[in-house]
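Student: Build me a model:
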Amino acid sequence: MAKTRTFRLERGKIHFKCSICQAKRMVSVPMTVRRRSILCHKCKEITNCNLNRRLMPREQQLGKAELTTTNGRELDVNLCDKSRDGIGIQISVRDTTKISVGQQVQMRCSWNPRLFGLGRYIIQSIRTQRIGLKAVH
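Tutor: Residues are numbered from 1 along each chain as shown. Next up, the predicted model:
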């Protein structure tokens, strides 16, 4: 079974290091790719790679949360990741028309109420079902 690791993407490339044989190489990755499976050129081990384009590290967060828009709409979302400056979520296709870039929203999480602090965010990007939120400081 393939292992999953997170790699930092810089200038369109990752510095891949095999977890089994420690072989290293640079791998080019297109801008639209978020995940990639890489076959080690020495030991033939497959590694599933999550690609991190952010400057600050982010931690994977999985679970259900609730997004509330400024007009009071409550939408159920799935958490993907969290960093100091923002979070990544997935939303259902039917709910993507209910939000827009630049809109301020609030986040709540019933299983960990302290996860979001004050929970104020601005929608930074919308790519199909993937939404990027930036924390309001």
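
Student: List the buried residues in the helix or strand bottoming out on mean pLDDT in the chain.
Tutor: The weakest-scoring helix or strand in the chain, judged by mean pLDDT, DSSP states H and E, is strand 3-10 (a mean of 84). Buried residues in strand 3-10, counted by 16 or more other CB atoms under 10 Å: 6-7, 9. In short, each C-beta sits where N, CA and C put it, glycine included.

Student: separation between the closest residue to residue 90 other than its chain neighbours and residue 61?
Tutor: Distances taken as CB to CB, 6 or more residues apart in numbering place residue 78 nearest to residue 90, at 4.5 Å, with adjacent residues excluded. In this view, residue 78 and residue 61 are 10 Å apart by CB to CB, to the nearest Å.

Student: the residue most distant from the middle of this structure, which is it?
Tutor: Distance from the C-alpha centroid of the chain peaks at residue 42, with 30.2 Å (CA atoms, centre = their mean).

Student: rewinding a little: quick one, which of residue 78 and residue 61 is more surrounded?
Tutor: Higher neighbour count among residue 78 and residue 61: residue 61, with 18 against 15, using other CB atoms under 10 Å.

Student: element containing that one?
Tutor: Take DSSP states H and E as the rule and residue 61 turns out to sit in strand 59-69.

Student: export the next helix or strand after that strand as CSV, just CAs?
Tutor: As assigned by DSSP H and E, the chain's next helix or strand after strand 59-69 is strand 74-82. Output of strand 74-82 as CSV, limited to C-alpha atoms (Å, rounded to 0.1, in the frame of the first residue of the first chain):
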residue,chain,number,x,y,z
GLU,A,74,-26.0,28.0,7.3
LEU,A,75,-24.1,25.5,5.0
ASP,A,76,-22.6,22.2,6.0
VAL,A,77,-18.9,21.9,4.8
ASN,A,78,-16.1,19.3,5.0
LEU,A,79,-12.8,20.5,6.4
CYS,A,80,-9.6,19.8,4.4
ASP,A,81,-6.8,21.6,6.0
LYS,A,82,-6.0,24.5,8.4
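
Student: Residue 16 in helix, strand or coil?
Tutor: For residue 16, the assignment made with DSSP: H, G, I helix; E, B strand; the rest coil gives strand.

Student: Which residue, other than its chain neighbours, is closest to it?
Tutor: Spatial nearest neighbour of residue 16, excluding adjacent residues (CB to CB, 6+ apart): residue 27 at 4.9 Å.
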